[in-house]
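Q: give me a 3D structure for the following:
(chains A and B)
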Amino acid sequence: MRIRLEHVTHAYAGSDESAAVQVLGDISLDIASGDFAVLMGASGSGKSTLLNLIGAVDKPTAGRIFLDDNETSVLDDSRLTMLRRRSIGYIFQFFNLIPTLNVFENVAFPLSLANTPRSDVKSRVAEALASVGLGNRATHFPNELSGGEMQRAAIARAVVHNPPLILADEPTGNLDSRNGEMILDLIRSIHKSRRATIVMATHSERAAAYGDYVIGVSDGRVGGVGSGGWEKEPARDHYSAPSPESVAENASTPTPHPPLPTPRKQ
Amino acid sequence: MILRALVLRPILREPLRTTLTILGIAVGVAVVVAIALSNQSALRAFSESVDAVAGRANYQIVSDVAFSEDVLRALQPFWPRGVRFAPVIDAEGIVEPSLQPIRLLGVDLLSDLHFRDYRYASVVTSGKESAATYLSLFGNDSVVVPATFAHDHGLHLGSPLILNIHGVRRTMIVRGLLEARGPATAFNGAIVIADIAVVQAAFGLEGKLTRIDLIVNDESLIPSIQRIVPPSARLERPSRRNERVEKMLRAFRVNLFALAGVALLVGMFLVYNTVLISILRRGKDVGVLKTLGTSATQVFAAFLIEGLVFGAVGSVAGIALGRGLAWVILRLIGRTINALYINSTPEAIELTPGIVAAGIAVGTILSLLSAIQPSIEAAQLRPSLLLSGTVWRRQPRRQDQTQASSPHRTQILVAIVCFVIAVLLSRLPAWNGIAVAGYVAVLFVVAGFSALAALIVTGASRLLRAPYRAAFGIVGELASASIPASLRRTSIASAALSLAIGMMVAVALMVGSFRETVRVWVDQTVSSDLWLRPAKGLSNADSALFPNAISADLARIPFIAAFDRARGRGVLYDDDRVLLASGDFAVAARFGDLPMIAPSKQSEALLNAIARNGVVVSESFSLKYNKGVGDDIALTTIHGRRSFPITGVYRDYSNDRGVVAMDRSLFIRSFDDDAISTVVIYLKPGIDRDTARRSLEATLGPKYHAFAVTNGEIRGEVMKIFDQTFLITYALLAVAIVVAVLGVINTLAALILERKRELALLRVLGMTVAQVRRMLVLESSVLGLTSTAAGLAMGYVLSWILIYVINKQSFGWTIAFHTPVRLIVTSLAVTFVASLVAGLVPSRLARRIDLAMAMKAE
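A: Here you go, the predicted model:
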């Protein structure tokens, strides 16, 4: 699924116009179908808001957003709901599994919403769970899983309905490094096998290295686009935030339209 | 600061929750206040009438039957020693043709000024203002009426006024009007005053008195006065009458307060729930404050104050609401009190400081009590747990099944202990005529079911999961799963709703059983063809009477096979007022159908009573005084105290004070009273009832002001009084249901606010607003179904206590169990729909959920 943003601005309303807080300013982006793009920036830079706008969870204050040829910024609430239901898979930092449903039921949730036939649900959930290595945990409840397992279940839920777009917001932010790597490997392999567009927000360079390319976000603007690090050695300070200098540099050299991503090398 | 952070600000920021809680308490308090106010008003009307009529007397010689005025001569020697006395005839009767009940007070108009405060507004004069002016008042047909009464009935000086006292009809002339003070205010002004000599002459009471009012300043004289009191009379303080009436109404009042207590109890659940929810929701804030150094006591105090604030504000609102509710209740219970107990027209409702204080105390203290447990819980939690939010996480099912099994065991144990205690309590006898143990047993049953609430909610939700999934898909499954997940909040709302439904079912079963029992009883007892009454309706049965002369006229009517002349009056037995009834036992034995308890044949009991000068007593009398066939009871007759053997016990639902019935001839011999209140007529075979009725009214109507009513009309009248009596019961229960539904709305609203994140997540994952709303309404339907099921079970248990313990001990009635299916099904349907509506209200909040919230970090 191709993602296009044209001059998108987002502000949180304040008590009056002067009190409104602008989170994103005049952002234009074009992510091609099948890309694994990484939004990278410090906490508070606006990357999660950007992800919310792409994911049709929030609406921009100004500008236009297209998913393939659909302009999502003009859709009404029920069409947005249908779009999210059919075309988008979400992976959250805090997993956000439904505590009252077991792993199988959690993963089956998007299929149930889409009224998928029961027999079909069974096989697809089993397949999704097997693909994240949780085949033996189907009847467990979220609080009986480790953090890594919860995130794997969440990934299975995000992919079970084969969405053309998967959004991941700090998917490793709440995991130790070993589990974090496992999750990133998983997302990478899903990208490879399903050819879905993936947009992942992170502040970690190490995580960013798993994407095809990185879009820097700072102070509500997108900065330089670098190549993904999949073929490279991850940087030394895996979990450090970008230096103030790099943030300043990115902010001063905005790139309205990023170049097409460099092809991945394996 | 702590208070502001944890309590005051949140109270203001969550107006819906705050309003619902305050409303819940207010309604509970309002019901109690309203019942207290209306009871007070009804009783005050009576006691003020007694006081106004008694005037300044501090003692009275009173009797249930008229006694000889010779006693006045015996009192003369006490006059020099400061004792003042005034002879009185105090009789009930009716005004014709309006049939309004009236009190006739015959007094010595000259000497009575020592006792009562009269002021004449106007009198018929001879034209010259002189000492002789008032002589017209002593004319042999003169009466004085309050000016208000005259105004209401279009009477003027010189107007005729037809009085029927004890069956004697006389046309009197209004010769004086009284200002509204003293006795003129008694009985709401429905009083006629005349000189005692005039009353004695006009109504066949020559030489008789019903009362002597006394002012005795020297208490040491009382024993000597006691010695001259005739055997049929007694010396007592006027206040004894009020005390007796209060005692008579006690069981009735306790019952009303117990019902009001249900509304209050439901209100308590609401406060408990609200405070608990505040603590659950503000767990993190508590954690922060504790980390910063707030002590456990401060946290405890802060949440306790929250309960206090709700209680105080709710109580004040409740008092205002109760003031308005009181007049509705007054109209409902006023009718019952008039129909079953005393003639009294309730006066205006007065909010006394005592009732205000009691209302505030009840609301505030109960709120405080309900806030204690959750406040302790908040105070004891460790800040680290609070901060991490882990303790507040919802409990998934697996945990319920394994780790939670021991709390479940405790809950079951607590419930079993409660039920065992309830069973033991229900076997205890009444205390002072009040089924105290029975009421406490009800509390234990409620406690038992409340302990099981969590278990019932979990079990029911699990049972509902499959059908909900089948019917509503994933939305239904989520709904059934989420109720047990938030057990701590939902089980309390469910317990409150179950309690309200349980009480409703219990009372519906009790009233339904009672109604069916009475219907069967009325069908059996009202078997005669026609009843002849001096007034329409049953409520003024004591005031309207036929003279005995009607007997001769009846005997001449060819189509009558037999007639049974009934007359009842209140007498004292064991210092309680019971009903003494009389009738023609020989006729009743042949034609009647008295439902007997012992012996089984009514003719044996009645004929034995005639032969042995005995009495038959009602079941309530027999139970209340523990008297049965073979025992003797002593009653004060005109000849003094006499003993009467009991020859039978029969079933009766007309009177909870107890009835003693004797043959008419014995009654006349014992009480010198041959008036008749009702004639029960049996027609010869083949006589058309309507023809007979018309003929009777044509022959006896003009002479005796007689109405003939068919047995069907009498039955209808009895059932009407019955239904009126229990109207208040239903009204109070409806209030309890309203409070409980408020609780469910409150809980669901709180749950939604708390689950904003979870609901946002569901929306992000593709659920529509409509689906989220449907899920929330389905959740409340789970609560509704669970509570209805638990309430139904509780209702059957409680109805057993109500019917076999409380009712029997309070009123002495045996009731056959009967399920009024339609009533129960309808009320359950209503409460279930109400719980669905309770879900609709907060589900509107779902529309306002901010989706981006789900994406945010915790």
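
Q: quick check: beta-bridge partners of A:G216?
A: On DSSP bridges, the residues paired with A:G216 through beta bridges are A:M40.

Q: do I have it right that it meets A:E205?
A: No: shown here, A:G216 and A:E205 do not form a contact pair, counting by C-beta atoms under 8 Å, at 11.0 Å. To be clear about C-beta, it is placed using only N, CA and C from the backbone, and glycine gets the same treatment.

Q: now for B:V198, how many residues are close by?
A: 21 (other C-beta atoms under 10 Å in any protein chain shown).

Q: between A:G216 and A:E205, which has more neighbouring residues?
A: More neighbours surround A:G216 than the other of A:G216 and A:E205, with 27 against 20 (other C-beta under 10 Å).

Q: distance of that one from B:A500?
A: A:G216 sits 61 Å away from B:A500, taking C-beta to C-beta, to the nearest Å as the criterion.

Q: same deal with B:V617?
A: For B:V617 relative to B:A500 (C-beta to C-beta), the value is 39 Å.

Q: for B:Q298, same thing?
A: As defined by C-beta to C-beta, B:Q298 lies at a distance of 35 Å from B:A500.

Q: among the two, which residue is more densely surrounded?
A: Neighbours were counted for B:Q298 and for B:A500 using other C-beta under 10 Å; B:A500 has more, 29 against 16.

Q: quick one: the host helix or strand of the more buried one to chain centroid distance?
A: Assessed by DSSP states H and E, B:A500 sits inside helix B:487-525. Offset of helix B:487-525 from its chain centre (C-alpha atoms, centre = their mean, to the nearest Å): 16 Å.

Q: which helices and strands does that helix pack with?
A: With contacts taken as 3 or more C-beta pairs under 8 Å, 6 or more residues apart in numbering or on different chains; DSSP states H and E, helix B:487-525 sits against helix B:239-281, helix B:436-485, helix B:711-754, helix B:769-801, helix B:821-843.

Q: the ones you listed: which one's closest to chain A?
A: Minimum separation from chain A across the helices and strands packed on helix B:487-525 (C-beta to the nearest C-beta) falls at helix B:436-485, 3.6 Å.

Q: taking helix B:769-801 as reference, get the angle to the closest one.
A: Using axes from the mean of the first three to the mean of the last three C-alpha atoms, to 10 degrees, the direction of helix B:436-485 lies 160 degrees away from that of helix B:769-801.

Q: what mean pLDDT does helix B:436-485 get?
A: Across helix B:436-485, pLDDT averages out at 87.

Q: give the other helices and strands that it contacts.
A: Using 3+ C-beta pairs under 8 Å, 6+ apart, helix B:436-485 sits against helix A:103-113, helix B:239-281, helix B:397-401, helix B:405-425, helix B:487-525, helix B:769-801.

Q: what's the separation between B:S665 and B:I560?
A: Counting by C-beta to C-beta, the gap from B:S665 to B:I560 is 20 Å.

Q: which residues does stretch B:193-203 contact?
A: Contacts to stretch B:193-203, defined as C-beta atoms under 8 Å, 6 or more residues apart in numbering or on different chains, come from residues B:87-89, B:91, B:104-109, B:118, B:137-145, B:163, B:165-166, B:168, B:170, B:172, B:178, B:183-184, B:205-209.

Q: closest point of chain A to chain B, which residue?
A: A:R85 (2.8 Å).

Q: count the residues that sit near A:V38.
A: 28.

Q: residues in contact with the nearest residue to B:E779 once chain neighbours are set aside?
A: Excluding the flanking residues, the one nearest B:E779 by C-beta to C-beta, 6 or more residues apart in numbering or on different chains is B:A479, at 4.5 Å. Applying C-beta under 8 Å, 6+ apart to B:A479 gives the contacts B:Y468, B:F472, B:M775, B:L776, B:L778, B:E779, B:S781, B:V782.

Q: which bits of the stretch 1-150 of chain A sit near chain B?
A: Within the stretch 1-150 of chain A, the positions lying close to chain B (C-beta under 8 Å from any C-beta of the partner chain) are A:48-49, A:51-52, A:55, A:57-58, A:77-78, A:81-82, A:84-86, A:90, A:92-94, A:96, A:98-101, A:105, A:109-110, A:112-115, A:140-144.

Q: out of those residues, which are buried?
A: A:48-49, A:51-52, A:55, A:57-58, A:81-82, A:84-85, A:90, A:92-94, A:96, A:98-101, A:105, A:109-110, A:112-113, A:140-142 (16 or more other C-beta atoms under 10 Å in any protein chain shown).

Q: among those residues, which are located in strands?
A: A:Y90 (DSSP state E).

Q: residues near the residue of chain B found nearest chain A, how many?
A: Residue nearest to chain A within chain B: B:G766 (2.8 Å; C-beta to the nearest C-beta). Neighbours of B:G766 under the rule other C-beta under 10 Å: 23.

Q: touching, it and A:P110? I think so.
A: Yes: with contact defined as C-beta under 8 Å, B:G766 and A:P110 form a contacting pair (6.1 Å).

Q: joint contacts of these two?
A: Residues touching both B:G766 and A:P110 by C-beta under 8 Å, 6+ apart: A:R85.

Q: give me the nearest residue to B:N39, chain neighbours excluded.
A: That would be B:R253: by C-beta to C-beta, 6+ apart, it lies 5.5 Å from B:N39.

Q: from B:A731, how far out is that neighbour?
A: 16 Å.

Q: any idea how far B:V362 is from B:P374?
A: When B:V362 is compared with B:P374 (using C-beta to C-beta), they lie 20 Å apart.

Q: hang on, the earlier thing: quick check: the residue nearest to B:N39 vs B:L366, distance?
A: Distance from B:R253 to B:L366, counting by C-beta to C-beta: 20 Å.

Q: before we move on, what about A:L50?
A: As defined by C-beta to C-beta, A:L50 lies at a distance of 54 Å from B:L366.

Q: same drill for those two, tell me which one is more crowded.
A: Neighbours were counted for A:L50 and for B:L366 using other C-beta under 10 Å; A:L50 has more, 27 against 24.

Q: how about the contacts made by that one?
A: A:L24, A:I27, A:L39, A:A201, A:V217, A:V222.

Q: show the contacting residues for the closest residue to the second one other than its chain neighbours.
A: In other words, A:I27. Among residues not flanking A:I27 along the chain, A:V8 sits closest, at 4.6 Å (C-beta to C-beta, 6+ apart). By C-beta under 8 Å, 6+ apart, A:V8 lies in contact with A:L24, A:D26, A:I27, A:S28, A:L53, A:P60, A:A62, A:G63, A:R64, A:I65, A:S73.

Q: which helix or strand contains A:V8?
A: strand A:3-12.

Q: and that strand, what's its mean pLDDT?
A: Rounded mean pLDDT across strand A:3-12 is 90.

Q: and the angle for the helix or strand following that strand with strand A:3-12?
A: On the C-terminal side of strand A:3-12, the closest following helix or strand by DSSP H and E is strand A:21-31. Orientation check (the same axes, to 10 degrees): strand A:21-31 against strand A:3-12 gives 180 degrees.

Q: what residues sit buried inside strand A:21-31?
A: Neighbour-count burial for strand A:21-31 flags A:V23, A:L24, A:G25, A:D26, A:I27, A:S28, A:L29, A:D30, A:I31 (criterion: 16+ other C-beta under 10 Å).

Q: now that strand: mean pLDDT?
A: 88.

Q: helices and strands around it, which ones?
A: Using 3+ C-beta pairs under 8 Å, 6+ apart: strand A:21-31 touches strand A:3-12, helix A:47-54, strand A:62-67, strand A:221-227.
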